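Visitor: Provided below for reference: sequence and predicted model.
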Amino acid sequence: MAKFKKSAKTSQDIPTAALPDIIFMLLFFFMVVTVMRETDILVKQKLPRATQLTKIERKSLVSYIYIGEPKNTTLYGDEPKIQTNDVFVTEDDIIQFVNQEKDKLSEVERDQITMSMKVDTEVKMGIISDVQQQLRKANARKLLYSSIIRVDDN
């Protein structure tokens, strides 16, 4: 009988030559997919504090309306302005804005749209009331007032 010699010359190393390629592909993927900011806020924002806060479950159903004094007062003046997306609008344009936001959603989700108002603390209630009236006319009944940190009741 012949004796066979077992030669174990297999290497236990893991090949890492393709690892940098995989890392760069992941990096490029996340750079392409990530959205940094949706809108540029053109009004000053000092949000009020709240005693009760509720977290939004589906942020895709929320559209934002910003109200405040413009950051560029030399170009737009000192009066509070209404901003939707990246443009200033008047109270009469709110209905058109709501309809555009509803058109972006499916028919099932159109009645579930929530309008979030981010209002500066220095803004008078008159412009807010006008926006509320226009939201009622546009049948946007779910209204949310954005605020910052919770105030303790101590």
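Guide: Sure thing, it's come through.

Visitor: So what sits opposite residue 87 in the bridge?
Guide: residue 84 (DSSP bridges).

Visitor: how close does it sit to residue 32?
Guide: 27 Å (CB to CB, to the nearest Å). Every residue, glycine included, has its C-beta placed from N, CA and C.

Visitor: Compare those two (neighbour count), which wins?
Guide: Using other CB atoms under 10 Å, the more surrounded residue of residue 87 and residue 32 is residue 87, with 11 against 7.

Visitor: which SSE is residue 115 in?
Guide: Here residue 115, judged by DSSP states H and E, is contained in strand 114-119.

Visitor: Please compute how far that strand lies from its chain's middle.
Guide: 11 Å (CA atoms, centre = their mean, to the nearest Å).

Visitor: which other residues reach that strand?
Guide: 45, 47-48, 56, 61-68, 98, 128, 131, 135, 140, 142-146 (CB atoms under 8 Å, 6 or more residues apart in numbering).

Visitor: So which elements touch the lengthiest helix in the chain?
Guide: Using DSSP state H to define each element, the chain has its longest helix at helix 19-33. Helices and strands touching helix 19-33, by 3 or more CB pairs under 8 Å, 6 or more residues apart in numbering; DSSP states H and E: there are none.

Visitor: Next secondary structure element downstream of that helix?
Guide: Next element after helix 19-33 (DSSP H and E): strand 62-68.

Visitor: helix or strand right after that next one?
Guide: That would be, after strand 62-68 and using DSSP H and E, helix 73-76.
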